[in-house]
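[1] okay, sequence plus prediction incoming.
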2 protein chains.
Amino acid sequence: MAIGTLHIDPKSAEPVYRQIALEIRRSVLDGRFEAGSRLPATRDLARQLGVNRNTVVAAYDALASEGWVASHTGRGTFVIDRSVIEVAEPVDSSHEETLRTGFSRAVECAAIGGLRSIYRLAISDEGISFVGSYPAGDRMPVEQFGASLQAVLKKDGPAILGYGPTAGSFDLRETIAATMREAGSDVSPERTLVTSGAQQAIELVFRTFVERGDVVLIEEPTYTGALSVLNSLGARIVGIPVDDEGIRPEPLDVALERHRPKLLYVQPTFHNPTAAEMGLARRREVVEICRRHRCLIVEDDWAGDLRLDGERLPTLHAIAAGSNVIYLSTFSKKLMPGLRVGWVVAPAAAFERLVELKRLQDCGTSPLIQAALDHFLRAGGLDEHLKKTLPVYRDRRDTMFDALSRHFPKEAVFKRPTGGLFIWVTLPTSFDGNTLFAAARRREVLYSRGDLFHGDGSGNNSLRLTYSAADPTEIENGVSVLGELVRERWPDGPREDSPGTAESMPIF
Amino acid sequence: MAIGTLHIDPKSAEPVYRQIALEIRRSVLDGRFEAGSRLPATRDLARQLGVNRNTVVAAYDALASEGWVASHTGRGTFVIDRSVIEVAEPVDSSHEETLRTGFSRAVECAAIGGLRSIYRLAISDEGISFVGSYPAGDRMPVEQFGASLQAVLKKDGPAILGYGPTAGSFDLRETIAATMREAGSDVSPERTLVTSGAQQAIELVFRTFVERGDVVLIEEPTYTGALSVLNSLGARIVGIPVDDEGIRPEPLDVALERHRPKLLYVQPTFHNPTAAEMGLARRREVVEICRRHRCLIVEDDWAGDLRLDGERLPTLHAIAAGSNVIYLSTFSKKLMPGLRVGWVVAPAAAFERLVELKRLQDCGTSPLIQAALDHFLRAGGLDEHLKKTLPVYRDRRDTMFDALSRHFPKEAVFKRPTGGLFIWVTLPTSFDGNTLFAAARRREVLYSRGDLFHGDGSGNNSLRLTYSAADPTEIENGVSVLGELVRERWPDGPREDSPGTAESMPIF
């Protein structure tokens, strides 16, 4: 963008910072300033416009709070890709009716739309989909769960069709707590809250702690649904780079010291989207660093049971003996998303508040579903289900890994994940992921674009490819199409900035 | 309280307003300043302490945002009854662990606990309960619903056990919209969002519009769950008095003019807690007044189908032809709370934002439950169920009304409601509802205390008595105990301030 085009009128009634923000917004809207591009450094723009640097900072803050740009520690401020959001689900303007009441900032933040974008694609029926982190639909224990439903209706019909305790059915909480105790965590049902999936668990936890303007540390990249909630709450999101072993200790330590964040949100096991697994030493180190800085850890263990290779590692919750770790997980991936059942384990003071918020949000998750799930779990249904599905996932993972090895250029970076549901593929930063995505869509192959896991418009050179929900033929065909499209767009091989060397590449 | 005991040190580093707030808080904690009592007028306290009036206003605001006091237009600022909240659900301090991270204002507001209080009592097993606004547990269509579950599992197993659209199953939305169209509303499935009960509908709608400090108009008294959400959002709640016909037009007009509120939350049909029904002329008037002031109406029609006498009246949504009315309802009361299914109908711009928030909160309500409910509805299950249950409710209502007429002193004010699930009884304002409640609890008769529906500590001289979930013998026995306890505490009959004459009585 030519900065010279910013028109500032010092005599206008509009404050100067607002004028700057509006001018930048206009530039984004008419395409002069593209998604993903970096705004000038505040110091430079201030000098150029002859205004105080704080004025420019205020303008950038205003744009950030309205969801037009996102700041990124050490890298600058970037224009958010709103087209991803808005193209994906057009508002039907023929039905538009006027509301004269303004919306809250929670919903006016455009950056909460990332989840919508991925979700819309995920439930699409077109062609071959590697989009959602979905379990295998063709392997669901439909009959067994149906039998559990009938059994509990017969036994407790009226009670489980009435209201239940907001924190969840005590039986189910006991079953969950017992399983976690077996895995080394000190958990009681009294500190276990049943939620409507991990998404509600994340939302409740963030809302219990995060106030507008609070800093929250995340792994960069991270789960879109967590980014969206943080954006809706007006959090200042600070990304910590990860490597093969997960979040990197040194930048974590520095960020804790510099930002004194409200909390760190982390997925140590089969991280979404990179599938990376934090090693045992790294887990201990992260817990220790956070303890030293007295920082709360929110551990999202959505994929813990989806291990395909190697031995189970202790959770951060187990390592920290519960202190200063809030743990959350879900039955959506290891069993069935349609249950909408997840859970949170939290220390007493936080637990009480989480229950309050849960009560305000929905008065509790369906007691019928909870009772049936508990019946299913106590009958050993989950273990049986995992015994059947994990080998299927292992096969599909291998099929995808092999297909990637054959069809993608050797400069594409990816690993054979040790668990979870997807593979993360990173191309050189110079690679234009937007055109690849559009071309793949025309060929009816869908995947999750990397920028959805960043929230600052960067990362579109990565692809998250889910193997769990596609059959081997689809995997082979889909990856073959993608490989072909990548090679077409990249006939000359990698340039200087290949993933192995680029400073700004946050992954692996 | 002796104001002279407020100790203010002008030389302290603590700001003066903060010192005042802390002193008042201390007085509340050590019992000098009782729950329900009114703080001195800001002008008076400022004069007495020799400080600026704004300093006292700031102190009161701080106390209000921390949930210690509540302001009440035209009546002053009152100390909130925290004991109701805290006695009801003691925190188990033996499990207390330290969290060094501060909580958000959303959960630190003590006034969000009202819902907890009523909820705890409602699910209690002790003696005779008139607490929750619950449907009859002994009349639930357990078998029919179980058959619907089996039918949809057989037909669509894997699909309804996976993720579904966030806005809800299209089939169910179509069924809901069709029913509303029959009742005169212009509704399409595209504007119908399935929620986890009316509670989530309320939470989503308020959160979509209300920012900290925004004014929201409510009927006074109103649903505890709505008050709790508004408190968690930091809304300024302004109560509009109601009479036999619902919300009063003149004070509504004045409040709209004076406060320019974000929205009006209203239950025109079998209002919770008074059971009052807004007449047709009043409905039209309210819609017209709000239209003139361009104020958004949120119509909570949780009880619309629970009519026991008379003819169905059009909803505000139907009268306003959808414009500037957001409509919400639930299957919890007319069918089964354990489903956790409600819905919202909203204009396009708001609808999109409601779906965003729903996605952030839980990625959608269980597709399995939605599919089974839709199957049940299409098979005519709801009509059949209402045909069976409404006569039962009519009987129970009459039993309770007759028992009240026989056992309560003639000065108690109550009406035979034309629908819904409860009767609202008001005693003179001089009557001490706290001691009645405690005595009734000792006799194992539970009810909902009126102050839970006010949020400023007032109203404990009213009782909400649910008839729907108790059998005739329980109703007779419970009301007889309550009548006996009322007469014991009131041997000399009514005083001057009987409900018929008291200025400050907001009900009927």
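    Cool, the structure landed.
[2] can you give me the pLDDT of A:Ile123?
    pLDDT recorded at A:Ile123 is 64.
[3] again but with A:Gly146, I slipped
    97.
[4] that one: neighbouring residues, count only.
    For A:Gly146, the neighbour count with other Cβ atoms under 10 Å in any protein chain shown is 21. To be clear about C-beta, it is placed using only N, CA and C from the backbone, and glycine gets the same treatment.
[5] wait, it touches B:Leu153, no?
    Yes. The pair A:Gly146 and B:Leu153 passes the contact test of Cβ atoms under 8 Å, sitting 4.6 Å apart.
[6] where does A:Leu465 land in three-state SS?
    Following DSSP: H, G, I helix; E, B strand; the rest coil, we place A:Leu465 in the strand state.
[7] bridged to it, which residues?
    A:Ile423 (DSSP bridges).
[8] got the phi/psi numbers for A:Ile237?
    phi -90, psi 120 (degrees, to the nearest 10).
[9] show the contacting residues for the residue nearest to it when sequence neighbours are not counted.
    Using Cβ to Cβ, 6 or more residues apart in numbering or on different chains and skipping the chain neighbours, the partner closest in space to A:Ile237 is A:Leu230 (5.4 Å). A:Leu230 is in contact with A:206, A:210, A:216, A:218, A:237, A:265, counting by Cβ atoms under 8 Å, 6 or more residues apart in numbering or on different chains.
[10] just to be sure, A:Leu230 is in a helix?
    Yes. Assigned with three-state DSSP, A:Leu230 falls within a helix.
[11] any idea how far it is from B:Thr101?
    15 Å (Cβ to Cβ, to the nearest Å).
[12] pLDDT weak spots in chain A?
    Within chain A, the ranges that satisfy pLDDT under 70 run A:1-5, A:13, A:29-31, A:65-67, A:73-74, A:81-100, A:110-120, A:122-125, A:491-508.
[13] not counting residues beside it along the chain, what's closest to the residue nearest the centre of it?
    By Cα atoms, centre = their mean, chain A has its centre lying nearest to A:Tyr223, at 1.1 Å. Sequence neighbours aside, A:Asn272 is the residue nearest to A:Tyr223 in space, at 4.6 Å (criterion: Cβ to Cβ, 6+ apart).
[14] how many neighbours does the one you found have?
    Around A:Asn272 there are 26 residues (other Cβ under 10 Å).
[15] ditto for A:Arg394
    15.
[16] just A:Asp9 next, same as before
    Neighbours around A:Asp9, by other Cβ under 10 Å: 9.
[17] tell me how far the closest residue to it other than its chain neighbours lies from B:Gln199.
    Spatial nearest neighbour of A:Asp9, excluding adjacent residues (Cβ to Cβ, 6+ apart): A:Gln19 at 6.7 Å. Per Cβ to Cβ, A:Gln19 is found 43 Å from B:Gln199.
[18] of these two, who's got more company?
    A count of neighbours by other Cβ under 10 Å puts B:Gln199 above the other of A:Gln19 and B:Gln199, at 27 against 20.
[19] A:Ser71: what's it in contact with?
    A:60, A:64, A:77-78, A:236, A:456.
[20] how about the residue of the stretch 401-508 of chain A found nearest chain B, secondary structure?
    Nearest residue of the stretch 401-508 of chain A to chain B: A:Ala469, at 8.8 Å (Cβ to the nearest Cβ). Secondary structure assignment for A:Ala469 (three-state DSSP): coil.
[21] run a quick neighbour tally on it.
    A:Ala469: 23 neighbours (other Cβ under 10 Å).
[22] need the contact list for it.
    A:129, A:132, A:134-137, A:421.
[23] in helices, which of those appear?
    Counting by DSSP state H, no part of the contacts of A:Ala469 is found in helices.
[24] which among those end up buried?
    A:129, A:132, A:134-137, A:421 (16 or more other Cβ atoms under 10 Å in any protein chain shown).
[25] show the overlap between these and what lies near chain B.
    Taking Cβ under 8 Å from any Cβ of the partner chain as the test, chain B is in contact with A:132, A:134-135, A:137 out of those.
[26] which among those residues gets closest to A:Ala177?
    A:Pro135 (23.5 Å; Cβ to Cβ).
[27] spatially nearest residue to the closest one, not counting backbone neighbours?
    Excluding the flanking residues, the one nearest A:Pro135 by Cβ to Cβ, 6+ apart is A:Lys333, at 5.5 Å.
[28] hmm, the one you found is touching A:Phe422, no?
    No. Shown here, A:Lys333 and A:Phe422 do not form a contact pair, counting by Cβ under 8 Å, at 10.8 Å.
[29] more neighbours, those two?
    A:Phe422 (28 against 24).
[30] contact partners for the more buried one?
    Counted by Cβ under 8 Å, 6+ apart, A:Phe422 has contacts A:130, A:133, A:272-273, A:275, A:464-468.
[31] just A:Leu22 next, same as before
    A:Glu14.
[32] can you confirm it is in a strand?
    No. A:Leu22: not assigned to a strand; according to three-state DSSP it is helix.
[33] so how many other residues sit close to A:Gly213?
    A:Gly213, neighbours per other Cβ under 10 Å, totals 11.
[34] which SS class is it?
    Quick answer, by three-state DSSP: A:Gly213 is coil.
[35] thinking again about what came up before, for the ones next to chain B among the buried ones among the contacts of A:Ala469, give me JSON lines that also has distance to A:Tyr393.
    Shown next, in JSON lines, are these (distance: Cβ to Cβ, whole Å):
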{"residue": "A:Gly132", "distance to A:Tyr393": "15"}
{"residue": "A:Tyr134", "distance to A:Tyr393": "11"}
{"residue": "A:Pro135", "distance to A:Tyr393": "8"}
{"residue": "A:Gly137", "distance to A:Tyr393": "13"}
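[36] what is the nearest of these to chain B?
    A:Gly137 (4.4 Å).
[37] who's in contact with the closest residue to the closest one other than its chain neighbours?
    The shortest distance from A:Gly137 to any non-neighbouring residue, by Cβ to Cβ, 6+ apart, is to B:Pro158 (4.4 Å). B:Pro158 makes contact with A:137-138, A:140, A:142 under the criterion Cβ under 8 Å, 6+ apart.
[38] same question for A:Val344.
    Contacts were defined as Cβ under 8 Å, 6+ apart; by that measure A:Val344 touches A:192-193, A:195, A:201, A:204-205, A:326-328, A:354.
[39] host element of it?
    Assessed by DSSP states H and E, A:Val344 sits inside strand A:342-345.
[40] picking up where we left off before, just want the phi and psi numbers for the residue nearest to A:Pro135.
    According to degrees, to the nearest 10, A:Lys333 has phi -90, psi -40.
[41] same check, this time on A:Asp309
    phi -140, psi 150.
[42] wait, it sits on A:Gly420?
    No. With contact defined as Cβ under 8 Å, A:Asp309 does not reach A:Gly420; the gap is 11.0 Å.
[43] state the distance from A:Ala276 to chain B.
    To chain B, A:Ala276 is 24 Å away according to Cβ to the nearest Cβ, to the nearest Å.
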